[in-house]
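> Sequence unavailable; structure follows:
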């Protein structure tokens, strides 16, 4: 896929939270998962191991930072991490705070929905998060 | 969850491919995904960021090694990486070689099945892999 055809080359890919020279962090607009972030490598590469080890490590430090902040602020039941890129083969990591009451728990959020959940954001976010 | 109640403390968690002091690599028995591996941290911790940075890096070097071998031998359409631990909260990474003809493509393997596939192993593995 050329750079001009890739949506993560053309757009931020979500609400921009942080932009660094080599990567960015965005919040994904997902009503069921208000604590769903992506760490996106700015350059267009498909696979994690396309990166040299130093860049790979820098990307994972970004993922670790997001996971750490989610754990500190939201105390999730679990954090889920994933890098697929099957439909958008531009290297990015999903970082999702999971709760034992959420719509897919204990399945991955890409699995079968387990229950209806109303207003997950109000249950998920503590007051100081706005 | 105590160590004695955890299946990844009690068992290898798949066909053992490699055992290192801090981690192991197993092949998962999945008829649809014969190139499905897990990199499992030997000690019982739940979250990736429970590990100190050096251990976290060592674990990801294991994941990178598996991804690299899968790419070299199988030339997959994509490699999928994920760490959930919702049901077994013992730190482990899924490493799955994906192909554009496989049962869930382009969905994650935890998503909705897209098609019936017969004998995926014979299409996936090159002769030198046995």
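Received, thanks. Not measured: the values here are computed from a predicted model. Numbering: from 1, shown residues only, chains lettered A, B, ... in the order given.
> Now tell me which helix or strand of chain A has the poorest mean pLDDT.
Across the helices and strands of chain A, mean pLDDT, DSSP states H and E gives its lowest value to helix A:120-124, namely a mean of 58.
> Identify the residues contacting residue A:29.
Residue A:29 makes contacts with A:14-15, as judged by CB atoms under 8 Å, 6 or more residues apart in numbering or on different chains. Any C-beta I mention is one placed from the backbone N, CA and C, and that applies to glycine too.
> three-state assignment of it?
Here residue A:29 is coil, with the state taken from DSSP: H, G, I helix; E, B strand; the rest coil.
> Would you mind naming what in chain A lies close to chain B?
Within chain A, the positions near chain B by CB under 8 Å from any CB of the partner chain are A:46-49, A:53, A:56-57, A:60, A:64, A:67-68, A:71, A:77-87, A:89, A:98, A:105-108, A:110-112.
> beta partners of residue A:79?
Beta-bridge partners recorded for residue A:79 (DSSP bridges): residue A:97.
> okay, now it: neighbour count?
25 (other CB atoms under 10 Å in any protein chain shown).
> List the contacts of it.
Counting by CB under 8 Å, 6+ apart, residue A:79 makes contact with A:67, A:70-71, A:95-98, B:47-49.
> Out of the residues of chain A next to chain B, list just those in helices.
A:53, A:56-57, A:60, A:64, A:67-68, A:71 (DSSP state H).
> So residue A:38 sits against residue A:15, correct?
No. With contact defined as CB atoms under 8 Å, residue A:38 and residue A:15 do not form a contacting pair (10.2 Å).
> what touches both of those two?
Joint contacts of residue A:38 and residue A:15 (CB under 8 Å, 6+ apart) are A:26, A:28.
> Tell me which of these two has more neighbours.
Per other CB under 10 Å, whichever of residue A:38 and residue A:15 has more neighbours is residue A:38, with 22 against 11.
> Look up how far residue A:29 lies from that one.
11 Å (CB to CB, to the nearest Å).
> who touches both of these two?
residue A:14.
> so which strand or helix has residue A:40?
Per DSSP states H and E: residue A:40 is located in strand A:36-41.
> State the pLDDT value of residue A:60.
The model reports residue A:60 with a pLDDT of 98.
> Sorry, wrong one. I was asking about residue A:118.
Residue A:118 is given a pLDDT of 80.
> And for residue A:130?
So residue A:130 comes in at 35 (pLDDT).
> Determine how far the last residue of stretch A:33-44 lies from the first.
26 Å (CA to CA, to the nearest Å).
> Buried residues of that stretch, list them for me.
A:33-41, A:44 (16 or more other CB atoms under 10 Å in any protein chain shown).
> chain center to it: distance?
Relative to its parent chain, stretch A:33-44 has a centroid offset of 4 Å by CA atoms, centre = their mean, to the nearest Å.
> wait, what's in contact with residue A:30?
Per CB under 8 Å, 6+ apart, neighbours of residue A:30: residue A:36.
> Likewise for residue A:23?
Residue A:23 touches A:39-42, A:58-59, A:62, counting by CB under 8 Å, 6+ apart.
> circling back to that earlier point, now the contacts of residue A:79 in TSV, with neighbour count and distance to residue A:8?
TSV is the format used below for these (neighbours: other CB atoms under 10 Å in any protein chain shown; distance: CB to CB, whole Å):
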residue	neighbour count	distance to residue A:8
A:67	24	21
A:70	20	21
A:71	16	26
A:95	23	16
A:96	26	18
A:97	25	22
A:98	25	24
B:47	17	26
B:48	23	23
B:49	20	25
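> Looking at those, spot the one nearest residue B:25.
Among the contacts of residue A:79, residue B:48 lies closest to residue B:25 (CB to CB), at 16.7 Å.
> was I right about that closest one contacting residue A:65?
No. The criterion here is CB under 8 Å, and residue B:48 misses it with residue A:65 at 11.9 Å.
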